[in-house]
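A.B. asks: What follows is a predicted structure for the sequence shown.
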Amino acid sequence: MKRKVTKAIFPVAGLGTRFLPATKSIPKEILTLVDRPLIQYAIDEARAAGIREFIFVTSRGKGALEDYFDDAPELENSLRKSGKTELLEMLKATNMESGAIAYVRQNRPMGLGHAVWCARRLVGNEPFAVILTDDVIAAEKPCLQQMMEAYAETGGNMVAAMEVPPEKTSSYGILDVGEDMGAIVRAKGMVEKPAQEDAPSNLAVIGRYILTPKIMQHLHRMKAGSGGEIQLTDAIAEEIRQGESVYGFRFRGQRFDCGSKAGFLQATVAFALARDDLRDEFAEYLAHMAAVQKAAE
């Protein structure tokens, strides 16, 4: 019987150096996409998928991230006295129940696989999800929820996947497809950041995973891989070598790489244009800027 997935790991220990100097004092995950920080998008997606326990793998300097999900009594009282009930409800939606979030430290930056391994005691002997906050996915049905529905049919391990241009394969974990069933593919191998000529496909792993607890055993034995780090991809590939099922899931939605400045700006435009309260004014401004740029050429 497939066990229900109720725990999710959020690896948030990274320094966010691509966003310096902003991330000198602000955790990257608190950077705001329109009016919500990146971490809120990830938490909302996890909740929609039925996640009830949230495990944050953090590092030094992430105090603001922990405070974000705490109650803010003074601010709430101020909004209540001012009759700003809509803002008050919005604020309450960011609070997490006591005990719902657990924090573990990754003391050294040794890669995504190591970050996931740091949460092994909190995961125990249960399947779990992993969400990378840099990957923001705009979708009618949240990506992880789509995956949970597919996982209910397949079991095993599952990774979110999308086609990327062949010249981009060296930036991703790439699936070696054994059987293509449409939305779901069965993987016969995985390669971390292969050169274009060595890539087994152009189907790339994106930052959503549903994994069995056995992955933790593989991570425990793993040596440094690509980039001198312990790679989660290598542990998943070991599952395949041992005959366990690993599936790629082609999700429905648009993924934005908010770990890059260009991706973050693209997401800001897309999410702003999707908002009823911002769309018209913002679209008018973008059209004006495009016209000014064209005239300047």
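C.D. replies: Structure received.

A.B. asks: Tell me the spacing between residue 79 and residue 166.
C.D. replies: 51 Å (C-beta to C-beta, to the nearest Å). In this view, the C-beta of every residue, glycine as well, is placed from N, C-alpha and C.

A.B. asks: Ok, residue 243 next?
C.D. replies: Look at residue 243 and residue 166: by C-beta to C-beta, they are 30 Å apart.

A.B. asks: likewise residue 86?
C.D. replies: 48 Å.

A.B. asks: quick one, which of those two is more surrounded?
C.D. replies: For the pair residue 86 and residue 166, the greater number of neighbours falls to residue 166 (12 against 9), based on other C-beta atoms under 10 Å.

A.B. asks: how far does stretch 97-115 stretch from start to finish?
C.D. replies: This stretch, stretch 97-115, spans 24 Å end to end (C-alpha to C-alpha, to the nearest Å).

A.B. asks: Show the average pLDDT along that stretch.
C.D. replies: For stretch 97-115, mean pLDDT is 84.

A.B. asks: likewise stretch 67-81?
C.D. replies: Per-residue pLDDT over stretch 67-81 has a mean of 83.

A.B. asks: Contacts for that stretch, please.
C.D. replies: Contacting residues not belonging to stretch 67-81 are listed as 30, 37, 39-40, 43, 85, 87-88, 91-92, 94-96, 101 [C-beta atoms under 8 Å, 6 or more residues apart in numbering].

A.B. asks: Throw together a ChimeraX command that grabs the buried residues out of those residues.
C.D. replies: A single ChimeraX command is used to select the members of these judged buried by 16 or more other C-beta atoms under 10 Å:
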select :30,37,39,40,43,88,94,101
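
A.B. asks: which of the contacts of stretch 67-81 lies closest to residue 210?
C.D. replies: The shortest approach to residue 210 among the contacts of stretch 67-81 belongs to residue 43, at 17.0 Å (C-beta to C-beta).

A.B. asks: how many neighbours does residue 98 have?
C.D. replies: So residue 98, with other C-beta under 10 Å, has 8 neighbours.

A.B. asks: in the stretch 151-297 of the chain, what spans have low per-residue confidence?
C.D. replies: 222-228 (pLDDT under 70).

A.B. asks: change it to 80
C.D. replies: Along the stretch 151-297 of the chain, the model assigns pLDDT under 80 to residues 221-229, 297.

A.B. asks: What segments of the chain are strands?
C.D. replies: Remark: strands assigned in the chain by DSSP state E are 7-11, 32-33, 36-37, 53-58, 101-105, 128-131, 135-138, 157-163, 173-180, 184-192, 203-211, 246-250, 254-257.

A.B. asks: List the contacts of residue 50.
C.D. replies: By C-beta under 8 Å, 6+ apart, the contact set of residue 50 is 4-6, 145, 148.

A.B. asks: Try it again at 10 Å.
C.D. replies: Contacts for residue 50 (C-beta atoms under 10 Å, 6 or more residues apart in numbering) come out as 4-6, 8, 129, 144-145, 148.

A.B. asks: quick one: which of the residues you listed is nearest to residue 258?
C.D. replies: Using C-beta to C-beta, the contacts of residue 50 come closest to residue 258 at residue 144, 16.3 Å.

A.B. asks: what about the closest one, how many neighbours?
C.D. replies: Residue 144 is flanked by 29 other residues according to other C-beta under 10 Å.

A.B. asks: now do the one 10 residues further on
C.D. replies: Here the count is done by other C-beta under 10 Å, and residue 154 has 18 residues near it.

A.B. asks: Contacts only, for the nearest residue in space to it that is not next to it in sequence.
C.D. replies: Nearest residue to residue 154, sequence neighbours excluded (C-beta to C-beta, 6 or more residues apart in numbering): residue 247, at 5.4 Å. With contact set as C-beta under 10 Å, 6+ apart, residue 247 has these partners: 147, 150-151, 153-159, 161, 175, 179, 181, 183-187, 210.
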